[in-house]
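In: Can you look at this prediction? I've put the sequence above it.
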Amino acid sequence: MSKIIEGLYYSESHEFVKVEGNVGFVGITDYAQHELGNVVYVDMPEVDDEVSQGEEFGAVESVKAASDLMSPVSGTVVEVNEALEDEPGLINKDAFENWIIKVEISDVAELDNLMNAEAYNAFIGE
Amino acid sequence: MNSVYYGKLIFELSKEGRCGYSLPKNELAQYSISDMPAELMRGEAPALPEVDELTVVRHYTNMSNNNFGVDTGFYPLGSCTMKYNPKINEEMCNHYAFTGLHPLQNESTVQGALEVYYNLQASLSEISGLSEFTLNPFAGAHGELTGLMVMKSYHMSRKDDKRTKVIIPDSAHGTNPASAAVCGFDVVVVKSRPDGTVDVEDLRPLLDDTIAGMMMTNPNTLGIFEHNIAEIAKLVHEAGGLMYYDGANLNPMLGKCRPGDLGFDIMHINLHKTFSTPHGGGGPGSGPVGVRAGLEQFLPNPRVVADEENMRYKIECNDESLGSVSGFLGNFGVIMRAYSYILTLGKENLRMVGPLATLNANYIQESLKDCYELPIEGVCKHEFVFDGLKDKSTEVTTLDVAKRLLDYGFHAPTIYFPLLFHQALMIEPTENESKETLDGFIEVMRTIAKEASETPELVKTAPHNTPVRRLDDTLAALHPVVTYTELVADNQ
């Protein structure tokens, strides 16, 4: 059973965003890391890069496949999780704890396009 | 074989001063090595292993015994068409009349080799329904890039420089978007319908005057024939784009259906798949590219053409060409093997390749669909995809099933591709296999499904009978050790 955390927002492409004020912590869900298998590389943007909701901002590579990362929110990257450069497997240890980028969200209204925990649970249960 | 004693690397067998050869008398003894310009000299001798002949022979013979190939056993690798490579092909390309040729020889002295090129180009044209072929590209993806360069040259020749996008289905081989990106195109993905074929309604809005063309595999990577292909080709052509056919799945079409007749303008053929030349381990391949009439001037230089007036073959370049994609004229050895294969089978037998490959795949699919999940029902072509074991409660994955197959002496199928399913297991038996071999494979697959329910640990810890057990592919990806020097450094 995949872990899902209440209070986060989820996308159909299996990214989550945890919102604190106007900042969002973006990563991939526990379900996504489970499906991908062991992550061996995370391709991340740079600080100050702009990201848009539904647009690619990087990629995650596992022993099975390489998948694009789609940003669940629009805004500016204020921090990337550098720990993932040396230890991409952290995502497999705890996908929610090990977010990939921190984004200053430009349009909070866009969060309405995402799913809550309950909806995401139903989505992956399909 | 005792792998404990003989399983060493050739570098570990090295003893200083030992050697397995004697060089002929040095005829340049009057020259001193110090006469060589310093910039052409290396600082120290290369770190080559020093071993005697018997040690070398044992080492490589033992290692080759650990290898698995089509000559050793059944190799149902989806999307790769690992068919048997008849030995007559080897005999033909190893003929002394070919082995000593040099690409810079005068045309008049290589007329026989040029005839092989010319005739193979003509055969591929007839088989595919396209007008002209180049045999220059060295591999499938190289062919894709060459074909896309033809597409680009065509649009540029009409001064139509807005066409920067190539449409590719979400089920495509990964090389398609990669080749498009290398060629400078942006990739637009078109979705599949639940039955695994391209969604024409999803395609329609993508078509405008920025589309250079569309790349398709037919049958697609799920082994399903794209039955809307005529409509898709019509729509893409109406938008001014060209249709590109990825020839990786040409095998089931042989003798039944020609890409040129389906509306494709450009295609590549993997000679090393469909036309039975050896591959695996990265080469050598050959990816000829064919085009419909009206595009031949863009094919890469040089080309082999017939000079009918003088009754000879010649090597020609033209200015409209996209340029050169290879030194000389591709992989001659592979081209010779493919030509030998086509002539050996002849038109009548070549027609049987597609139907037999399709029959074999359907036989396995139908025989196993009660214990493996078949996500898309119906008749497949030369290959099909299971989405893992039917019984999901065991937590035995597709990877485990693939590893367990090795214990039974079968090569594993392609796994985790295509990406449309989570536990994809893609099986392509090819036309060569006997019913007995197929039945043997089916029985083993059923046994594994049973083991997965009754003794899951046995499957999860497989393989048990192979020279090496389950490898740590995560560590290998994160920290690859590919040279002896790295290995030594690692162990210190």
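Out: Noted; the coordinates are in hand. Numbering: from 1, shown residues only, chains lettered A, B, ... in the order given.
In: Please count neighbours and contacts with C-alpha atoms only from this point.
Out: Fine.
In: give me the number of residues near residue 55?
Out: As the question left the chain open, I've gone with chain A. 14 (other CA atoms under 10 Å in any protein chain shown).
In: oops, chain B please
Out: Residue B:55 has 15 neighbours, counted by other CA under 10 Å.
In: cool, and the one 10 residues further on?
Out: Counted by other CA under 10 Å, the residues lying close to residue B:65 total 11.
In: And it, how far from residue B:299?
Out: Residue B:65 is 43 Å from residue B:299, where distance means CA to CA, to the nearest Å.
In: for residue B:427, same thing?
Out: Between residue B:427 and residue B:299 the computed distance is 34 Å (CA to CA).
In: Equivalent analysis for residue B:49, please.
Out: 45 Å.
In: Could you list every helix and strand that the biggest helix by length in chain A packs against?
Out: The longest helix of chain A (DSSP state H) is helix A:117-125. On a contact count with 3 or more CA pairs under 8 Å, 6 or more residues apart in numbering or on different chains; DSSP states H and E, helix A:117-125 meets strand A:9-10.
In: roughly how far is the very next helix or strand once past the strand it packs on from the heart of the chain?
Out: Later in the chain than strand A:9-10, the nearest helix or strand by DSSP states H and E is strand A:15-20. Averaging C-alpha positions (CA atoms, centre = their mean, to the nearest Å) puts strand A:15-20 7 Å from its chain's average.
In: What mean pLDDT does strand A:15-20 get?
Out: Averaging the model's pLDDT scores along strand A:15-20 yields 96.
In: Could you give me the buried positions within it?
Out: For strand A:15-20, the neighbour count (16 or more other CA atoms under 10 Å in any protein chain shown) marks A:15-19 as buried.
In: next one: stretch B:99-115
Out: For stretch B:99-115, the neighbour count (16+ other CA under 10 Å) marks B:110, B:113-115 as buried.
In: List the contacts of residue A:78.
Out: Contact partners of residue A:78, counting by CA atoms under 8 Å, 6 or more residues apart in numbering or on different chains, are A:47-48, A:101-104.
In: which among those end up buried?
Out: For these, a burial check counting by 16+ other CA under 10 Å picks out A:101-104.
In: who in chain A is up against chain B?
Out: By CA under 8 Å from any CA of the partner chain, the part of chain A that sits against chain B consists of A:35, A:38-41, A:62-65.
In: Mind checking which of these land in helices?
Out: residue A:35.
In: Let me have the residues of chain A next to chain B in JSON lines, extended by pLDDT and neighbour count.
Out: Listed next are the residues of chain A next to chain B as JSON lines, based on pLDDT from 0 to 100; neighbours: other CA atoms under 10 Å in any protein chain shown:
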{"residue": "A:35", "pLDDT": "88", "neighbour count": "15"}
{"residue": "A:38", "pLDDT": "92", "neighbour count": "23"}
{"residue": "A:39", "pLDDT": "95", "neighbour count": "25"}
{"residue": "A:40", "pLDDT": "94", "neighbour count": "27"}
{"residue": "A:41", "pLDDT": "94", "neighbour count": "20"}
{"residue": "A:62", "pLDDT": "92", "neighbour count": "22"}
{"residue": "A:63", "pLDDT": "86", "neighbour count": "18"}
{"residue": "A:64", "pLDDT": "83", "neighbour count": "20"}
{"residue": "A:65", "pLDDT": "83", "neighbour count": "16"}
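In: which among the residues of chain A next to chain B gets closest to residue B:375?
Out: Each of the residues of chain A next to chain B was checked against residue B:375 using CA to CA; the closest is residue A:35, at 17.5 Å.
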